[in-house]
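**Q** give me the fold of what follows.
(chains A and B)
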Amino acid sequence: MNEAAELRARIIERVRAERSPTRIEIAARRRLTMLVVLVVPTIVFLAWGGVRAAPRGVDLMLWTGVGAAFVSAGATYVGLGSRRSMLGRPRAHLVALAVLTPLLLFAWKLCVSSLYSGALIEWPDRPGLRCLLLGAMLSLAPAVGLVWSRRAADPVHPRAHAAAIGTVAGAWAWVLVDLWCPVSAVPHLLLGHVLPLLLTVFASVSLGSRILTMRNSP
Amino acid sequence: MKPPALVNPARFLTEPVLPAKAGGGNALGSLAMDRYSRGDDSAFADVYDAVAPRLHGYLLRQTRDGARADDLLQLTLLQIHRHRGSYIAGSPVLPWAFAIARRLLIDDLRHRKTDALSAARSIEEADRPGSVAPEDEVASREVAALVEAVLDQIPEAQRTAFELLKVEGLSLVDAAQVLGVSVNAVKLRAFRAYTAIRTALDRAFRPAPLEEKGKET
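**A** Presented below is the predicted three-dimensional model:
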């Protein structure tokens, strides 16, 4: 047997000695992950009070909420979509996603609210701390769940990948916070809505860059 | 230095440095990987045959160490095996395998605290065309050495793009996926590498100045 054939036989033998999950098993695990990703924020949101239209009005709530959902869906498609590739999107696209998504969400919220008289007034007793806490709690489980489900799987750009995951989790958390919070004042939005999204991205990069990186383990 | 008669240095800019490796088309690899991911363990041999020859060549050129190349190949295929369940049906296997191999190689280099990329490549005798006259072989070796020297000096991003396209023979799309950048970024990096190499080759093979020709008459 020549060297190449010996190497082939050795590697095939080594691979056979180690069990690995098949697609069906991974799909089942992912369904469980998605359950956690969807159920935990829902429970937190409902426990926090759920949807609150007043005093802003149902139409303002729907316009900002639907628009934010649209942006979040787009972020999900760009950030988590596979494009039939095991290596995902280019790094620059994922970084652009992390930068543009909070800007788009903020701009949409501001633009729509500006069409309603009085919507942008400040609420002195609502600086945004509760929204900050709610946003962080809503995005935590999805970010951790998505990062964990892709552990050790990224050989190319784990940090950018983690940033994309954090952006998507933070964006959907924005949608829920927006359905609960009636305030559209700029300082409140920056502290209570934008900051938790940015913190989620940052936390996701810190955590995910270690967990997502494919490592050299025999 | 006059250009050798039968070797055109510009060839290196338009043709792959090494001949295309046989076997392992993306389509075959994808079909085999799809079967493997569904649980058909016998398909791993087909996955191996589809990607291992090219991967091994790449790792050998990067490490210049047969034993290390073998180990890294094994680790790469183990990673493919461990992540078979998350394989996306129809996605190309070769760029994925190359990306894994590159990641493991970088990690290995870090552990060893050496820069194998700067000491790696030389065109192997086995990959040369069979019937080349000795003087052409010397000239080819000189050109190859010059190309190697230039590659050692240019930024790593440009060098890697050039190697993946011209040495490993990956397509632009596949190389972009391996590097995690856009196709345009790969084109730009490779173009800069080509420009550096062409400048060096032009300088090395510049025609003799006119006053020397005048002296002969």
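**Q** packing partners of the helix ranked longest in chain A?
**A** If you go by DSSP state H, chain A has its longest helix at helix A:23-48. Packing partners of helix A:23-48 (3 or more CB pairs under 8 Å, 6 or more residues apart in numbering or on different chains; DSSP states H and E): helix A:129-149, helix A:158-180. To be clear about C-beta, it is placed using only N, CA and C from the backbone, and glycine gets the same treatment.
**Q** which positions in it come out as buried?
**A** In terms of neighbour count (16 or more other CB atoms under 10 Å in any protein chain shown), helix A:23-48 has its buried residues at A:R23, A:I26, A:R30, A:T33, A:V36, A:V37, A:V40, A:P41, A:V44, A:F45, A:W48.
**Q** from the contact counts, what lies against the top helix by length along chain B?
**A** The helix of greatest length in chain B, counted in residues with DSSP H as the criterion, is given as helix B:183-204. Packed against helix B:183-204, as judged by 3+ CB pairs under 8 Å, 6+ apart, are the following elements: helix B:11-14, helix B:134-153, helix B:156-162, helix B:172-179.
**Q** tell me the average confidence for the shortest one?
**A** Spelled out, that is helix B:11-14. Per-residue confidence for helix B:11-14 averages out to 44 on the pLDDT scale.
**Q** any residue of the next helix or strand after that helix up close to chain A?
**A** Taking DSSP states H and E as the definition, the helix or strand that follows helix B:11-14 towards the C-terminus is helix B:26-37. Yes. Helix B:26-37 comes into contact with chain A (CB under 8 Å from any CB of the partner chain), by way of B:S37.
**Q** which residues does helix B:26-37 contact?
**A** Outside helix B:26-37, the residues within contact range by CB atoms under 8 Å, 6 or more residues apart in numbering or on different chains are A:22-23, B:43-44, B:46-47, B:50-51, B:80, B:84-85, B:87, B:89-94, B:97, B:174.
**Q** mark which of the residues you listed are buried, thanks.
**A** Under a neighbour-count criterion of 16+ other CB under 10 Å, the subset of the contacts of helix B:26-37 counted as buried comprises A:22-23, B:43-44, B:46-47, B:50-51, B:80, B:84-85, B:87, B:91-94, B:97, B:174.
**Q** which residues touch B:L151?
**A** Listed by CB under 8 Å, 6+ apart, the contact partners of B:L151 are B:R121, B:R159, B:F162, B:E163, B:A193, B:I197.
**Q** ditto for A:V15
**A** Going by CB under 8 Å, 6+ apart, A:V15 touches B:F44, B:L77, B:L78, B:H81.
**Q** could you check how far B:P155 is from A:L176?
**A** Plainly put, B:P155 is 45 Å away from A:L176 if you go by CB to CB, to the nearest Å.
**Q** and among the helices and strands packed on helix A:23-48, the most buried is which?
**A** Here the criterion is mean neighbour count by mean count of other CB atoms under 10 Å in any protein chain shown, and of these the winner is helix A:158-180, at a mean of 27.
**Q** ok, and does that one reach over to chain B?
**A** Yes. On the criterion CB under 8 Å from any CB, helix A:158-180 is in touch with chain B at A:A160.
**Q** downstream of that helix, the next helix or strand is which one?
**A** Following helix A:158-180 toward the C-terminus (DSSP H and E): helix A:186-189.
**Q** who in chain A is up against chain B?
**A** Selection of chain A residues close to chain B by CB under 8 Å from any CB yields A:7-8, A:10-12, A:14-16, A:18, A:20-27, A:82, A:84-88, A:90-93, A:150, A:152-153, A:155-157, A:160, A:214-216, A:218.
**Q** among these, which are in helices?
**A** With helices identified by DSSP H, the entries of the residues of chain A next to chain B that belong to them are A:7-8, A:10-12, A:14-16, A:23-27, A:91-93, A:160.
**Q** okay, now the unreliable bits of the chain?
**A** You didn't say which chain, so I picked chain A. When residues are selected by pLDDT under 70, those of chain A lie in A:1, A:217-218.
**Q** actually it's chain B I care about, not the one you picked
**A** Low-confidence segments of chain B, defined by pLDDT under 70, span residues B:1-25, B:113-140, B:206-217.
**Q** if you set the cut-off to 80 instead, what comes out?
**A** Regions of chain B meeting the criterion pLDDT under 80 cover residues B:1-26, B:110-148, B:204-217.
**Q** now do the contacts for the spatially closest residue to B:R82 that is not a sequence neighbour.
**A** The spatially closest residue to B:R82, leaving aside those adjacent along the chain, is A:S20, at 5.0 Å (CB to CB, 6 or more residues apart in numbering or on different chains). By CB under 8 Å, 6+ apart, the residues touching A:S20 are B:H81, B:R82, B:H83, B:R84, B:G85.
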